[in-house]
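Peer 1: return atomic coordinates for the entry below.
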Amino acid sequence: MSEKATRVAYGEALVELGAVNDKVVVLDADLAGATNTNKFAKAYPQRFFNMGIAEANMVNVAAGLSTMGLVPFCSTFAMFGAGRAYEQVRNSIAYPRFNVKLCMTHAGLSVGEDGGSHQAIEDIALMRVIPGMTVIVPADANEARKAVFAAAEFEGPMYLRFARMNTPVFEEDYPFEIGKANVMRQGADAVVFACGMMVGESLAAAEQLAAEGKQVAVINVHTIKPIDAACVREWAEKCGNVITVEEHSVIGGLGDAVADVLMGQVNCKFKKIGVQDQFGQSGKAKDVLREYGLTAPQIAEAIKAAL
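Peer 2: Okay, the predicted model is just below:
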């Protein structure tokens, strides 16, 4: 199975998109090499704007460009785009419901060596709580590409979360539709709702558990908001045992989004796997994920404990 980072797929998709949609413009906060928007800059220099290390200004400029009929894709690291520029995202983009795509890379613990100061483990929660904000977390490079094209066609503010590290690209080609989760694996003993790179880890965990006679369903919840409530309820009722897995704080992210759907609706066991109430730390990405219990063998053990 090949590997590619979702941020790389994002950069490649922008170039493809730019060729078929001349309304697309890209803004970056002096991190184009890391976010991979430099590919778009090389292909369409007149439609690329390096705004410097001034994220709040970048967001405001993107808001203005959107009022001229353009489709701005706005990029930096998730810590800066969802964190430092939060007030501008809220008031300049979401409040007037401008058509800006906030595409933030280097999200989650898998940023690795950059450490806790740069590991955004609260960005989904921050974006999810903003009224009218759509939140997308692609599971692999192929889905990242599809999400970029879908974002360009979607009218309204959107947050897309991309990762730094290379992760497996699924061999199966499945559809992508905003707000519609994908069933990646069938099972009856428990259901795992996962997003981002944790979809791959959860599938590997389910494979391990299958060898032990336990059948675990895995659902790719790429759209955190609006969440596919019908899918969540259906599988929670089928399995009666729900686990959520995310490379994000267990507070305010996918786990809470799923819990919101089930609360008072479905009687089931429920467990959230993710970053507990703590910051990240510096280290090689895979080592950091292991430290926080987010590798396939650790997820498998956590699922077994919940059965």
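Peer 1: residues in contact with the nearest residue to Gly52 once chain neighbours are set aside?
Peer 2: Once flanking residues are discounted, Gly52 sits nearest to Asp30: 5.2 Å by C-beta to C-beta, 6 or more residues apart in numbering. C-betas here are computed from N, CA, C, even on glycine. Taking C-beta atoms under 8 Å, 6 or more residues apart in numbering as the criterion, Asp30 is in contact with 50-53.
Peer 1: what's the average pLDDT for the longest helix anywhere in the chain?
Peer 2: For the chain, the helix with the greatest residue count under DSSP state H is helix 6-20. Looking at helix 6-20 alone, the average pLDDT works out to 98.
Peer 1: what of stretch 77-94?
Peer 2: If you average the pLDDT over stretch 77-94, you get 98.
Peer 1: can you give me the buried ones in the longest helix of the chain?
Peer 2: Going by neighbour count (16 or more other C-beta atoms under 10 Å), the buried part of helix 6-20 is 6-15, 17-18.
Peer 1: and the two most separated of the residues you listed?
Peer 2: Farthest apart among the buried residues of helix 6-20 by C-beta to C-beta are Thr6 and Gly18. That separation is 18.5 Å.
Peer 1: quick one on the thing from earlier: so the helix or strand following the longest helix of the chain versus helix 6-20, what angle?
Peer 2: In the C-terminal direction, the helix or strand that comes right after helix 6-20 (DSSP states H and E) is strand 24-28. In terms of direction (axes from the mean of the first three to the mean of the last three C-alpha atoms, to 10 degrees), strand 24-28 departs from helix 6-20 by 140 degrees.
Peer 1: scan this protein for its longest strand.
Peer 2: strand 241-249 (DSSP state E).
Peer 1: partner strands of that one and their direction?
Peer 2: In the sheet containing strand 241-249, the strands it pairs with under DSSP bridges are strand 190-194 (parallel), strand 269-275 (parallel).
Peer 1: break down the stretch 151-300 of the chain into its helices, ranges please.
Peer 2: Listed in chain order, the helices found in the stretch 151-300 of the chain under DSSP state H, counting those that start in this stretch are 198-210, 229-239, 254-262, 285-291, 296-306.
Peer 1: in the fourth one, what's buried?
Peer 2: Within helix 285-291, the residues that qualify as buried by neighbour count (16+ other C-beta under 10 Å) are 285, 288-289.
Peer 1: other SSEs contacting that helix?
Peer 2: Using 3 or more C-beta pairs under 8 Å, 6 or more residues apart in numbering; DSSP states H and E as the contact criterion, no secondary-structure element is in contact with helix 285-291.
Peer 1: only C-alpha atoms, please: export that helix in CSV.
Peer 2: What follows is the C-alpha trace of helix 285-291 in CSV, where atoms were taken according to Å, rounded to 0.1, in the frame of the first residue of the first chain:
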residue,chain,number,x,y,z
ALA,A,285,5.5,11.4,14.7
LYS,A,286,5.0,7.7,15.1
ASP,A,287,6.5,7.8,18.6
VAL,A,288,4.3,10.6,19.7
LEU,A,289,1.2,8.8,18.4
ARG,A,290,2.3,5.7,20.4
GLU,A,291,2.8,7.8,23.5
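Peer 1: chain center to that helix: distance?
Peer 2: Chain-centre distance of helix 285-291: 18 Å, with C-alpha atoms, centre = their mean, to the nearest Å.
Peer 1: ok, residues contacting that helix?
Peer 2: Taking C-beta under 8 Å, 6+ apart as the criterion, the residues outside helix 285-291 that touch it are 109-113, 119, 164-165, 247, 280-283, 295, 298.
Peer 1: of the helices of the stretch 151-300 of the chain, which is nearest Gln46?
Peer 2: Per C-beta to C-beta, nearest to Gln46 of those: helix 285-291, 35.7 Å.
Peer 1: rewinding a little: of the contacts of Asp30, buried ones?
Peer 2: In these, burial by neighbour count holds for Met51, counting by 16+ other C-beta under 10 Å.
Peer 1: out of the contacts of Asp30, which is nearest to Arg145?
Peer 2: Distance to Arg145, by C-beta to C-beta, is smallest for Asn50 among the contacts of Asp30, at 23.6 Å.
Peer 1: tell me the phi and psi of the closest one?
Peer 2: When quoted as degrees, to the nearest 10, the phi and psi of Asn50 stand at phi -90, psi 110.
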